[in-house]
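Peer 1: Model the structure of this input:
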Amino acid sequence: MFVSVCILFLQTVAFSQGTLEGNVKDKSGEALSFSIARIKENNAGAIANDEGHYKIDKLAAGTYTVIFSSIGYDNVELQAIIQDGKTTMLDAELSSSQTLNEVVITGVVNPKSALESSISISSLSPKDINDASPRSTAEIFRSIPGIRSEASAGEGNTNITVRGVPISTGGSKYLQIHEDGLPVLQFGDIAFATADIFTRFDYSVGRIEALRGGSASTLASNSPAGLINLISKTGSIAGGSIGTTMGVDYNYYRTDFEYGSPMSNNMAFHIGGYFKQGDGPRNTGFSSNFGGQIKANLTKYFDKGYARVYLKYLNDRTPAYMPMPIQVSGTNENPEWSSINGFSAVRGTLHTPNLISNLSTGADGQIRRSSVADGMNANSTAVGGEFAFELGDGWNVTNRSRLAFNNGLFIAPFTAAVGTTDAIASGVAAGYTALTYAYTGDTVPANQNGNGLLQRMHLFDTQLNNFNNFANDFNLTKTIGRTKINAGVYKAYQNISMSWLWNSYLMEVSDDGAQLVDVHRNDTTFTENGLIAYGVPAWGNCCHRNYDTSYDIFAPYAGVEVKVNDQITADASFRYDTGQVNGSFAGGDGQTVQKDMNGDGVISVVEQNVATVDNQNIRPVNYDYSYASYSVGVNYLLNKEMALFARHSTGGRANADRLLFGPYILADGSAAADLSADMVSQSELGYKMRKGNLMVNTTAFYALTEEQNYEATTQRSVNREYTAYGLELDGNYSKGGFNIRGGVTYTKAEISKDALNEEVIGNRPRRQADFIYNFTPSFTYKNHSIGVSAIGTSESYAQDNNELIMPGYMYLNLFVNFRIAEGFFLSVNGNNIFDTIGITESEAGSIVDGTTNFVAARSITGRTFSATLKYSF
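Peer 2: Predicted structure coming up:
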């Protein structure tokens, strides 16, 4: 009897469930592949296949609201009536939003559409990113309007900034890189430990939002120019994908995966990551890319909010491409940049299998060995949590927190000098003539690789000992009629513990397994297997140093937003950052000792002066800093398709480890007056339009930047002001299967003040082009697509003296996507298909006109092709 009742009960349950299915298309009738259908009442849903068809099973009988969404399209809500044991058909037609109606969450307290926001913000979907054919996260950033990303260093150590704000050193000083609303590192320009080294894009990312200027000054610390936020998928809809990318004409292999799903009606999970190996797009001669990442999150949904926990584990190594030998002829005003015989500017690298092991003294004075193959080695384990709840009566609370354990290595060869064999060899043994030199390998290259050149190479061997950090952002909002008030507290902690342990080498100029070179005179050998010195005496042995510092950050903030009427929304916000810095640093003063480094019992020439960290004169670091930031803005909605906005912001950026160079830290550990933070003031006036299939954003801007900084490779300090004004345009247009998106930014910038070098006042800041641009036209037909991405810049000056010009350039990336079967695609990407040389930086500020010059510079990477097989389910 009991069994019969159970069977009857189960049959009743089974027949009390129904199915909802249908097709999702755009206004032209094209299927919206991988769009989402979600039940509003219980969060159940499904991802449509590549033909736009979706199906949701096991729905209890009743009436539901179904929300249809797809990136780049307005959401649509439709009613569906589910009947017991039956299938209900429901089709949806979505209108292109061109991103202006998409809800943005980055740099705003109250999520809203971009059309309603008084900020400049862009959103990139995974499709947008794939169409740009990037080979690294930095190349993704180049597709964002107004972002200058000098994507020539590899997968990290990229110089990144926003319209009008200078790149005076490395990294992203005035722009923060976030993952899910919190910074990866508290400072974006830590020497040889930039935030992008610890950041990887993979299939787990749902979209990237990029804010330029605007409210970033008051809603994030140390980000007055903007922020880039990588937002993870959360698994609210069941589905996943797996893909494998292979280099067609270079050695590279990478597999990405992701999967997410509701676990019940009120829980969901998502997991994703990648693994890679190979040489990479420049021929290093060994497996210089190896490692991967895994990210996961678990979300519990409640009636009035959610709670989420997440995990990230990154262990990846990739080569860092530093300035390398490049030939320049012609004149400073009209130079011709080209490859050197035997060394390609677009494929060559200083890495070689003949220099893998490096011996030096460690921070404690003991002998240690490192591997050049480790390159940029990022290790990060992060755990975090997030919750957001409606408390009732107009109150909402949100909290995000993350604890990250970070460390790694940065080991990269850098061309310090390049010239004729006699000139470089005599520089190694100063004062001597009649020198001879010998290659350390078994084979002597014919005619010295056809170029007759040698180079002095400095190996940037840097240990990233402890970069652990913690961040917590608590925010409370209250809605009173048309007014929204918010207040929050940001608390963060950042360790910066690093050891510089650099050496100098002599090597040939070759991109095919370059050999090291020894220099002799009679019976004296001045080098040892290519090693010129344990240290970098050519730079005053600046670069055997160690520092252990911690930064304790506290920042309360508040804001108010008033919807004056249906057209006008005004907002104002304020933030006050304080920081306490403690620790110590040592070195950089040129201390050397005699030391038998190779243990043979003999003190050779290079062992007579071995650079060491001066641990007998450790200096304290003990200072506080504070700065205030504010932002005011107004948005005027002309109609449902157009809006005007204006904003003025002043924000600060605390200086971190770069204060530990030069005279900035006094003997008692305090910081020199007014040097602990740099300020950026920005004004914006913008117009946004979305009409049918056309979207256009136009923003006029002005920026004033005050800066103090130090750059290790040039050994120079900076204390100056920059001013800039310009215009930013970006847009998107779709018609049938055709789409084009792009942007162009015009910037007129100058050095308006300089306390250390008056000669540069009025000059254009180095590497600042008048125009940067990107355009991506594409065409889709029956789930097959083809397109091209054009990225370019006008000319700029190599250095602040405004003599040597780096020419403008444009390079093209090609992408083709073939649908093989349902959910299964083959993509072929060609990067820089015309093999363009594009100089992004040069250590030399001038050349000798009318002669052939050899300088240390860096170009974008040359032509490569890759193929990806991807299955989405």
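Peer 1: In the stretch 151-300 of the chain, where is pLDDT below threshold?
Peer 2: 168, 214 (pLDDT under 70).
Peer 1: try 90
Peer 2: 151-173, 175, 189, 207-217, 219, 225-227, 236-239, 262-266, 283 (pLDDT under 90).
Peer 1: For it, which segments are assigned as strands?
Peer 2: 159-162, 175-179, 182-183, 205-212, 226-232, 239-247, 252-264, 267-278, 289-302 (DSSP state E, counting those that start in this stretch).
Peer 1: What is the shortest one packed up against?
Peer 2: Other elements packing on strand 182-183 under the criterion 3 or more C-beta pairs under 8 Å, 6 or more residues apart in numbering; DSSP states H and E are strand 395-420, strand 469-480. Placement of C-beta: from N, CA and C, glycine included.
Peer 1: Out of those strands, which one sits most buried?
Peer 2: strand 395-420 (a mean of 20; mean count of other C-beta atoms under 10 Å).
Peer 1: what mean pLDDT does that strand have?
Peer 2: Throughout strand 395-420, pLDDT has a mean value of 96.
Peer 1: what angle separates the helix or strand following that strand from strand 395-420?
Peer 2: Using DSSP states H and E, the helix or strand that follows strand 395-420 in sequence is helix 421-428. For helix 421-428 against strand 395-420, the angle by axes from the mean of the first three to the mean of the last three C-alpha atoms, to 10 degrees is 110 degrees.
Peer 1: Which of the helices and strands packed on strand 182-183 sits closest to Asp577?
Peer 2: Of all the helices and strands packed on strand 182-183, it is strand 469-480 that lies closest to Asp577, at 13.0 Å by C-beta to C-beta.
Peer 1: packing partners for that closest one?
Peer 2: Using 3+ C-beta pairs under 8 Å, 6+ apart: strand 469-480 touches strand 182-183, strand 395-420, strand 483-501.
Peer 1: and with 6 Å instead?
Peer 2: Applying 3 or more C-beta pairs under 6 Å, 6 or more residues apart in numbering; DSSP states H and E, one finds that strand 469-480 contacts strand 395-420, strand 483-501.
Peer 1: Using CSV, please lay out these together with distance to Met89.
Peer 2: What follows is the helices and strands packed on strand 469-480, written out as CSV (distance: least, C-beta to C-beta, whole Å):
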stretch, distance to Met89
strand 395-420, 38
strand 483-501, 41
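Peer 1: quick one: which of those strands is nearest Glu822?
Peer 2: With C-beta to C-beta as the criterion, Glu822 lies closest to strand 395-420 of those, at 38.0 Å.
Peer 1: Just checking: what are the partner strands of the closest one?
Peer 2: On the basis of DSSP bridges, the sheet neighbours of strand 395-420 come out as strand 376-392 (antiparallel), strand 453-466 (antiparallel), strand 469-480 (antiparallel).
Peer 1: With mean pLDDT and distance to Tyr664 as added columns, please give those strands in TSV.
Peer 2: Output for the strands paired with strand 395-420, formatted as TSV (pLDDT from 0 to 100; distance: least, C-beta to C-beta, whole Å):
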stretch	mean pLDDT	distance to Tyr664
strand 376-392	96	27
strand 453-466	96	20
strand 469-480	96	23
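Peer 1: wait, which of the helices and strands packed on strand 182-183 is closest to Val855?
Peer 2: strand 395-420 (7.2 Å).
Peer 1: Which of the helices and strands in the chain ranks last by mean pLDDT?
Peer 2: helix 2-15 (a mean of 42; mean pLDDT, DSSP states H and E).
Peer 1: next helix or strand past that helix?
Peer 2: strand 17-26.
Peer 1: Can you name the residues in contact with that next one?
Peer 2: 31-32, 35, 48, 52-53, 55-59, 68, 80, 82-83, 86-94 (C-beta atoms under 6 Å, 6 or more residues apart in numbering).
Peer 1: go again using 8 Å as the cut-off
Peer 2: With contacts defined as C-beta atoms under 8 Å, 6 or more residues apart in numbering, strand 17-26 is touched by 31-32, 35, 37, 39, 48, 51-61, 64, 66, 68, 70, 73, 80, 82-96.
Peer 1: So which residues of this structure form helices?
Peer 2: Using DSSP state H, the helices of the chain run over 2-15, 126-131, 137-141, 216-219, 421-428.
Peer 1: and Ala210, what does it touch?
Peer 2: Per C-beta under 8 Å, 6+ apart, neighbours of Ala210: Thr106, Ile121, Ser122, Ser123, Leu124, Phe141, Ile144, Ile147, Gly226, Leu227, Ile228, Asn229.
Peer 1: again with Leu311
Peer 2: Leu311 neighbours (C-beta under 8 Å, 6+ apart): Ile294, Lys295, Ala296, Asn297, Ala382, Val383, Gly384.
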